[in-house]
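S.K.: Have a look; sequence and predicted model below, questions after that.
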Amino acid sequence: GDKFASLEKFINLCKERVNKFSAIQTEQSKRLGYFMDWDRSYHTSSDENNYAIWNFLKVVSDKGWLYKGHDSVPWCPRCGTAISQHEILTEEYKELNHESVFFKLPIRERKDEYLLVWTTTPWTIPSNIAVAVNVKEDYIAYNMDGEKLWFMKKRLRDLESQGILKGDKSKPEILKGKDLIGWEYDAPFDDIPLVKKTLGNYIHRVIDGEDVVTEEEGTGLLHVATGAGEEDFKLGLKEKLPVISSIEEDASYVKDMGEFAGKNAKWHPEIIIEYLRKREGGRFLLTTQMYKHRYPTCWRCKTELVWRVVDEWYIAMDKKDKSGKTYREQMMGVAKKINWMPSWGLERELDWLKNMHDWLISKERYWGLALPIWECKKCHSIDVIGGKEELKKKAVEGFDKFDGNSPHRPWIDQVKIKCAHCGEITRRITDVGNVWLDAGIVPFSTMPENWFPADFITESFPGQFKNWFYSLIAMSTALKNENSFKRVLGFASVRDENGEEMHKSKGNSIEFNEAADKIGVDVMRWMYLKQDPETNLNFGYHVADEVRRFFHLRLWNVYSFFVTYANLNNFVPREGLDLPLENVLDKWIVSRLNQSIKNVTTFIEKYQADKAVEDIENFIINDLSNWYVRRSRDRVALYAEDEDKKACLITLWFVLTEYSKLLVPFIPFISEEIYTNLTGEDSVHLADWPEYKEELIDGNLNREISQARAVVEIAHAQRKEMGIKVRQPLSLLSVKSPIVLSNEVKKLIADEVNVEEVKNIKGEVDVKLETRITDLLKQKGEVRDIIRKIQEERKKIGTNLDQEVDVSLPNWSKEFEKDIKKKALVRNLSKGDFKVVKL
């Protein structure tokens, strides 16, 4: 059919897909609380981004770093394209089981003697060219079934324990690996047309494997297939060995592979094993064994990779430009200018930069960056175009058809230019670019000059040292020799609740919208921010519910407490209300508020979100909920004194409104609800970040209250140990403490511990309860039990907080009748069976 029309249709479908998922991502980002200039979202597929990469590649070419290479590369048979070293992440290595093969190669001039070779990739055996040895190691001839099998001596014990070898090892011949070099042997697939043609007069031989041959696994004899492995290819170049390229893009054997032609090499290892089993009565096959090992997979589709020898485009890392420094050296210099958080990120990045190969930037695909390389078929020179205007200037054909379209295939493929060296008309190469070119150029394609470099970026550390961080550094180094971002915060991965990787196939993945519906995005945000960024986050609904109950519900309960009692007391808050700060609780909570704002601000400025969350939780849960609100319930009750009630409500309103501003980056939706409801303002996101007032931070009071709470904790523990409930008043609490407690603070302790008096002297911490219960104290305890019983019944029958009730009781102390009526909101108290009636 019409290739142009088909490709055009495909590319337009790709663009539709980009727009579809971009819209989904935008909506999900908004739902997660992102504030972005959504009307100016950037897309890596945009013209601006593509032409910016063209400019980068032009600069790289002018520096002499761009070249076309012939190499053995990892290849995805499903995607039909090369996979660069950058794209093979640690996470893409999977624990897989493969059928490994122990095969025998008959040695020429040594009758009934064989090289015993092992491989986990049977599909590569037809491409065998040589066998490599470690020249320093000993190799033995193992007697088995009338044959001698040669392998590394150090592998003997393992091979016997695995049941691979079962023979007589008495008086074996022993030679150094160097003595095996040059031995010639026959291979089982030499009659296959492609193999026979490629070999020509070449005879398989033993070569020096240098450090590649190890004693850890196999037989110590390395199967070398120059057309099917990176190390093999390098050995082949050194030894000038032929290359058998036996598979197509989809990993099926090529047409000249005889009976194997068209069959998938990777998915059908049994065809090779069966061939070995039948060839010459099975003389080439010893045995097979299932073997579990780590094997690389495609980062896109998770298909197991193969290796192919192909022509691809690279950027050289070790070629110097006019500065006298290599690209690698310059990139390492730029990386050192960046503030890495955590600091070990720099060492990880430098380690990658020191050891990485040349950057493979081409893909044999259709959608993506069209590499702006026009190659002359006649003289093989190249012209790299740096932008649309340069293309227009150099075009001799097809620019009118291209103009008005994006710089993608098939439209860009119509443009032809004249070779600057020989005058031949040239076409663009058909390859597209590595996707990390798209991501790395963003600082140059989207940010105005006055915003460069970016202040901050953040991404998951695993993999990004090789990919995004690398590409950002690489492209900014080439273009400006400086960093495109000032600081980077790296974080670990999200796993399921059991610490396992999430996968749809495992059934343990959680889709964003599902999680947002079920637990709310503020809970999700809190979980992310609370996590130490250096450790994996175990995410799941049980964990999320614990987080919600621990923090979000506690915060909401404090807010609900205020709203309830503000409405009950007709309190109308407004900006500008003076903080009375006469009650010690009010002074303290405002002091702690300002201290927390100071702490959180400092942590945020240092990008320590987890420490900020820890401080927030301490303030909301321990200070505001567990102490301030607990100790203030009687202050806002209907029977409470009006001025103190007002002071408490003003203080709590101030704390909630100020702190909701601070909570915005953490829980934007709850913050918005609290702030707008309490202030009537349009949005908390339009408010300024809260500023702490140093003069309101009372360190002495903070320490005194902290001491008081420690005393309370000890006293409660003593009550529990002695079996005395808190509702039972006691006469005295004697306290020794390093800090002499004020009368106000002693009153707080007395109310919390339920004692008549607190005596305090300075000294090492010591707390002692007077546990003797007088008749009067017993009576007071009974009154408290009555009040509690009435309150519980009020809840059961659904009375409002300000609604009076009639109560009948069998007995009560007349002396404390007023107290019962006041605190339980009882209008009439009569004798009879216990009953509470709404009025």
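M.R.: Cool, got the structure. Owing to the predicted nature of the structure, the values given are computational and were not obtained by experimental measurement.
S.K.: Show me what Pro106 is bridged to.
M.R.: Tyr114 (DSSP bridges).
S.K.: any idea how far the residue lying closest to Lys104 once chain neighbours are set aside is from Val131?
M.R.: Nearest non-adjacent residue to Lys104, counting by CB to CB, 6 or more residues apart in numbering: Tyr114, 3.9 Å away. Yep, even glycine has a C-beta here, placed from its N, CA and C like the rest. Remark: distance between Tyr114 and Val131 (CB to CB, to the nearest Å) = 11 Å.
S.K.: Show me whatever sits in contact with both of these two.
M.R.: The contact sets of Tyr114 and Val131 overlap at Leu105 (CB atoms under 8 Å, 6 or more residues apart in numbering).
S.K.: Which one of these two is surrounded by more residues?
M.R.: Remark: of Tyr114 and Val131, Val131 carries more neighbours, 26 against 23, as counted by other CB atoms under 10 Å.
S.K.: Tell me the first helix or strand C-terminal of the host helix or strand of the more buried one.
M.R.: Assigned by DSSP states H and E, Val131 belongs to strand 130-133. Helices and strands here follow DSSP H and E; after strand 130-133, the next one along the chain is strand 138-144.
S.K.: for Val783, what are its contacts?
M.R.: 812-813, 816, 819-820.
S.K.: Would you agree Ala420 is in contact with Ile382?
M.R.: No: with contact defined as CB atoms under 8 Å, Ala420 does not reach Ile382; the gap is 9.7 Å.
S.K.: Looking only at neighbour counts, state which of these two leads.
M.R.: Counted by other CB under 10 Å, Ala420 and Ile382 do not tie: Ile382 has more neighbours, with 19 against 14.
S.K.: which residue sits closest to that one in space, ignoring its chain neighbours?
M.R.: Nearest one to Ile382, counting by CB to CB, 6+ apart, is Glu375 at 5.0 Å.
S.K.: Quick check: chain neighbours aside, which residue is closest to the spatially most central residue of the chain?
M.R.: What sits nearest the mean C-alpha location of the chain, by CA atoms, centre = their mean, is Ser493, with 3.2 Å. Sequence neighbours aside, Asn536 is the residue nearest to Ser493 in space, at 5.0 Å (criterion: CB to CB, 6+ apart).
S.K.: how about that neighbour, what does it touch?
M.R.: Counted by CB under 8 Å, 6+ apart, Asn536 has contacts 492-495, 499.
S.K.: show me where pLDDT drops low in the protein?
M.R.: Filtered on pLDDT under 70, the chain yields the residue ranges 1, 89-92, 169, 575-577.
S.K.: how does it divide up, domain by domain?
M.R.: 1-41, 47-84+310-491, 86-309, 526-578+585-673, 702-773, 776-838 (automatic domain parsing).
S.K.: Figure out which of those domains is closest to Leu696.
M.R.: domain 526-578+585-673 (4.7 Å; CB to CB).
S.K.: Just the endpoints, please. Distance across that closest one?
M.R.: 17 Å (CA to CA, to the nearest Å).
S.K.: isn't Ser252 right up against His268?
M.R.: No: Ser252 lies out of contact with His268 (CB under 8 Å); the separation is 9.5 Å.
S.K.: who has more neighbours, the two?
M.R.: Ser252 (20 against 17).
S.K.: Tell me who's in contact with the closest residue to the more buried one other than its chain neighbours.
M.R.: Nearest non-adjacent residue to Ser252, counting by CB to CB, 6+ apart: Asn264, 5.0 Å away. Applying CB under 8 Å, 6+ apart, we find Asn264 in contact with 77, 250-253.
S.K.: Would you mind checking those for buried ones?
M.R.: Listed as buried from these are 77, 251-253; burial here means 16 or more other CB atoms under 10 Å.
S.K.: Same list (those residues) but as JSON lines, adding distance to Val711.
M.R.: As requested, those are arranged in JSON lines below (distance: CB to CB, whole Å):
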{"residue": "Pro77", "distance to Val711": "72"}
{"residue": "Ala251", "distance to Val711": "74"}
{"residue": "Ser252", "distance to Val711": "79"}
{"residue": "Tyr253", "distance to Val711": "82"}
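S.K.: Between those residues, which sits nearest Phe654?
M.R.: Nearest to Phe654 out of the buried ones among the contacts of Asn264 is Pro77 (CB to CB; 65.5 Å).
S.K.: How about that closest one, nearest residue that isn't a chain neighbour?
M.R.: Ala251 (3.6 Å).
S.K.: what's the longest helix in this structure?
M.R.: Using DSSP state H to define each element, the chain has its longest helix at helix 3-31.
S.K.: Show me what counts as buried in that one.
M.R.: Neighbour count says helix 3-31 has 7-8, 11 buried, by 16+ other CB under 10 Å.
S.K.: Same check on stretch 418-434?
M.R.: Buried residues in stretch 418-434 (16+ other CB under 10 Å): 418-419, 426-429, 431-434.
S.K.: Give me the residues contacting it.
M.R.: With CB under 8 Å, 6+ apart as the test, stretch 418-434 has contacts from 53, 84, 86-87, 312-313, 359-379, 381, 383, 394, 396-397, 409, 412-413, 415-417.
S.K.: Endpoints of that stretch, how far apart?
M.R.: End-to-end for stretch 418-434, by CA to CA: 26 Å.
S.K.: what does stretch 573-589 rub up against?
M.R.: 566, 590, 623-624, 628, 631-632, 635, 643-644, 646-651, 653-655, 657, 678-679, 698, 701-702, 705, 742, 744-745, 748.
S.K.: Could you rerun that using 6 Å?
M.R.: By CB atoms under 6 Å, 6 or more residues apart in numbering, the residues outside stretch 573-589 that reach it are 628, 631, 647, 650-651, 653, 655, 701, 705, 744.
S.K.: Now that stretch - C-alpha only, PDB.
M.R.: In PDB, the C-alpha atoms belonging to stretch 573-589 read as follows (Å, rounded to 0.1, in the frame of the first residue of the first chain):
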ATOM      1  CA  PRO A 573     -14.000  35.000  64.300                       C
ATOM      2  CA  ARG A 574     -12.500  37.800  62.300                       C
ATOM      3  CA  GLU A 575      -9.000  39.000  61.300                       C
ATOM      4  CA  GLY A 576      -7.400  41.500  63.700                       C
ATOM      5  CA  LEU A 577      -8.800  39.900  66.900                       C
ATOM      6  CA  ASP A 578      -6.300  40.500  69.700                       C
ATOM      7  CA  LEU A 579      -4.900  37.300  71.200                       C
ATOM      8  CA  PRO A 580      -5.600  37.700  75.000                       C
ATOM      9  CA  LEU A 581      -2.800  35.200  76.000                       C
ATOM     10  CA  GLU A 582      -3.700  35.400  79.600                       C
ATOM     11  CA  ASN A 583      -4.400  31.700  80.100                       C
ATOM     12  CA  VAL A 584      -1.200  29.700  80.400                       C
ATOM     13  CA  LEU A 585      -2.600  27.100  77.800                       C
ATOM     14  CA  ASP A 586      -3.100  29.900  75.300                       C
ATOM     15  CA  LYS A 587       0.300  31.300  75.800                       C
ATOM     16  CA  TRP A 588       1.800  27.900  75.400                       C
ATOM     17  CA  ILE A 589       0.000  26.800  72.300                       C
END
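S.K.: buried residues in it?
M.R.: 573, 581, 583-589.
S.K.: Can you name the two of these that sit furthest apart?
M.R.: It's Pro573 and Val584 that sit farthest apart of those, by CB to CB, at 22.1 Å.
S.K.: what secondary structure does Leu732 sit in?
M.R.: Judged by DSSP: H, G, I helix; E, B strand; the rest coil, the three-state class of Leu732 is strand.
S.K.: and it, how many neighbours?
M.R.: For Leu732, using other CB under 10 Å, the count is 15.
S.K.: need the contact list for it.
M.R.: By CB under 6 Å, 6+ apart, the contact list for Leu732 reads 757, 770.
S.K.: Quick check: it vs Thr477, distance?
M.R.: 75 Å.
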